[in-house]
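> Sequence first, then the predicted structure, then my questions.
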Amino acid sequence: MSSVKLGDDYVRVPKLDVGGSNWVLYKERLTWAADAKGLVGHLDGTSAEPVAPPSSAGTNTTAPVGGTATVATAPIGVTPDPGTVPDPAHAAYQLELAGWKKGEAIVKQLIASTIPDSLFMKVRAKGTAHAIW
């Protein structure tokens, strides 16, 4: 049973045998590795994708010099005009979403790097780490 070294903290997870003969050890060690990284919620599904706030349609507030703030909108992914202030709820959501996506990517890679290629080909299109798991 070979192992894969992952990350700077040298978490070792055995590769899943093609026949699944080491499934019990693999499952426990992968779960422990994800837990050590603070990402076990991505495996068990308790870490859900953050929900966008109602104002997350790209709403920004613009405050003219000496005036009252007005609301300006920009599509998601489009940089707003200079002088606009991002909606705090939307900014917090974007940070939370980025953190969640990073956790998903780490756990997906943890799984992908320790399963046989034949199994990877079957699970690669699944949307979340929990769905893959």
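That came through, no problem.
> When you work out contacts or count neighbours from here on, use the C-alpha atoms and nothing else.
Will do.
> Quick one: low-confidence residue ranges for this structure.
1-11, 55-83 (pLDDT under 70).
> tell me the domain ranges of it?
Under the assignment named as automatic domain parsing, the residue ranges that make up the domains of the chain are 3-49+94-132, 59-87.
> which of those domains sits most buried?
Highest mean neighbour count of these: domain 3-49+94-132, a mean of 16 (counted as mean count of other Cα atoms under 10 Å).
> How are the helices of this structure distributed by residue range?
Secondary structure of the chain (DSSP state H): helices at 23-36, 40-44, 88-112, 117-123, 129-132.
> can I get those in CSV with distance to Ala52?
As requested, the helices of the chain are arranged in CSV below (distance: least, Cα to Cα, whole Å):
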stretch, distance to Ala52
helix 23-36, 26
helix 40-44, 19
helix 88-112, 6
helix 117-123, 27
helix 129-132, 20
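> Figure out which of these is closest to Pro14.
Pro14 lies closest, by Cα to Cα, to one member of the helices of the chain: helix 23-36, at 5.9 Å.
> so what secondary structure elements neighbour the closest one?
Using 3 or more Cα pairs under 8 Å, 6 or more residues apart in numbering; DSSP states H and E as the contact criterion, the secondary-structure elements in contact with helix 23-36 are strand 11-14, helix 40-44, helix 88-112.
> now these in JSON lines, with distance to Val24?
Formatted as JSON lines, the entries for the helices and strands packed on helix 23-36 read as follows, by distance: least, Cα to Cα, whole Å:
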{"stretch": "strand 11-14", "distance to Val24": "11"}
{"stretch": "helix 40-44", "distance to Val24": "15"}
{"stretch": "helix 88-112", "distance to Val24": "15"}
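> Tell me which of the ones you listed lies nearest to Ala131.
Shortest separation from Ala131 across the helices and strands packed on helix 23-36 is recorded for helix 40-44, at 8.2 Å, computed as Cα to Cα.
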